[in-house]
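Visitor: model this:
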Amino acid sequence: MPLNLPMILTWIRIVLIPLVVGVYFLPDTVLPVHLQNWVGAWIFIVAAITDAFDGYLARRWNQTSAFGAFLDPVADKLMVGAALIILVDLGRIGPFIALIIIGREITISALREWMASIGARNSVAVNWLGKLKTIAQMVAIPMLLVNEPVLGIDMRLLGMLLIYVAAVLTVWSMCYYLMKAWPEIRARS
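Guide: Here you go, the predicted structure:
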């Protein structure tokens with residue numbers, strides 16, 4: 001496994017996942033709920049920033065690797081999944097929204113793995129729709145973790161709107177990827 005800055009950023013994201021979760025299990029006497037929300041949101045934001053940079057730097061500096069290409073999306077899915085489970089536990093989103101998003105991630109990851117095994121991975125490569133879905137999630141989740149007005153902006157309301165947008169984009173992008181893979185699925189059924 002090559003150890004370079006892009007890979008270190010991916011590992012940092014993985015290490016931050018239990019920290020985001022752990023913040024919300026601290027007793028109120030150690031960290032009041034208000035601070036749990038802010039600390040959790042900032043840890044998530046730092047993790048999201050590492051997600052934005054690791055792949056970019058790996059490509060720019062020609063430091064890509066098969067292991068990095070595997071680990072990066074796994075780290076993303078774990079980070080988003082953990083945050084969604086926290087939000088469900090806190091009653092800030094419904095379980096159906098989390099199920100849609102997490103279910104899509106599992107489905108598309110499995111689809112990409114299968115398509116790669118038959119030599120057709122490029123037909124389900126990430127496109128603009130998947131990137132837009134990711135941006136909506138990465139903006140909505142910290143807003144929902146903060147869960148209070150900031151500079152007069154209702155973060156909870158804006159976060160809810162964005163998580164619904166993310167859920168719609170999640171279903172849309174899943175349908176898109178399945179349609180792209182459908183010829184291969186049909187040919188091998």
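
Visitor: in what helix or strand does the residue positioned nearest the centre of the chain lie?
Guide: Closest residue to the average C-alpha location of the chain: Val80 at 3.7 Å, with Cα atoms, centre = their mean. Per DSSP states H and E, Val80 falls inside helix 66-89.

Visitor: Other residues contacting that helix?
Guide: Residues outside helix 66-89 that contact it (Cβ atoms under 8 Å, 6 or more residues apart in numbering) are 1-2, 6-7, 10, 13-14, 16-17, 20-21, 24, 40, 44, 47-48, 51, 54-55, 58, 93-95, 97-98, 101-102, 105-106, 109, 134, 137-138, 141, 144-145. Where you see a C-beta, it was placed from the backbone N, CA and C, and this is true even at glycine.

Visitor: tell me the secondary structure for Leu3?
Guide: Assigned with DSSP: H, G, I helix; E, B strand; the rest coil, Leu3 falls in the coil class.

Visitor: Tell me how far it lies from Ile49.
Guide: Leu3 sits at a distance of 20 Å from Ile49 (criterion: Cβ to Cβ, to the nearest Å).

Visitor: Also Thr64?
Guide: Taken as Cβ to Cβ, the span from Thr64 to Ile49 is 20 Å.

Visitor: So if I had to pick from those two, which one is more boxed in?
Guide: More crowded of Thr64 and Ile49, by other Cβ atoms under 10 Å: Thr64, with 18 against 14.

Visitor: before we move on, the earlier item: can you turn the buried part of the contacts of helix 66-89 into a PyMOL selection?
Guide: Buried members of the contacts of helix 66-89, defined by 16 or more other Cβ atoms under 10 Å, are picked up in PyMOL with:
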select buried, resi 6+7+10+13+16+17+20+21+24+40+44+47+48+51+54+55+58+93+97+98+101+102+105+134+137+138+141+144+145
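
Visitor: before we move on, back to that, let me know the pLDDT of the residue nearest to the centre of the chain.
Guide: pLDDT, Val80: 95.

Visitor: again with Asp54
Guide: Asp54 is assigned 86 on the pLDDT scale.

Visitor: Hmm, it is touching Trp11, no?
Guide: No. Asp54 lies out of contact with Trp11 (Cβ atoms under 8 Å); the separation is 9.4 Å.
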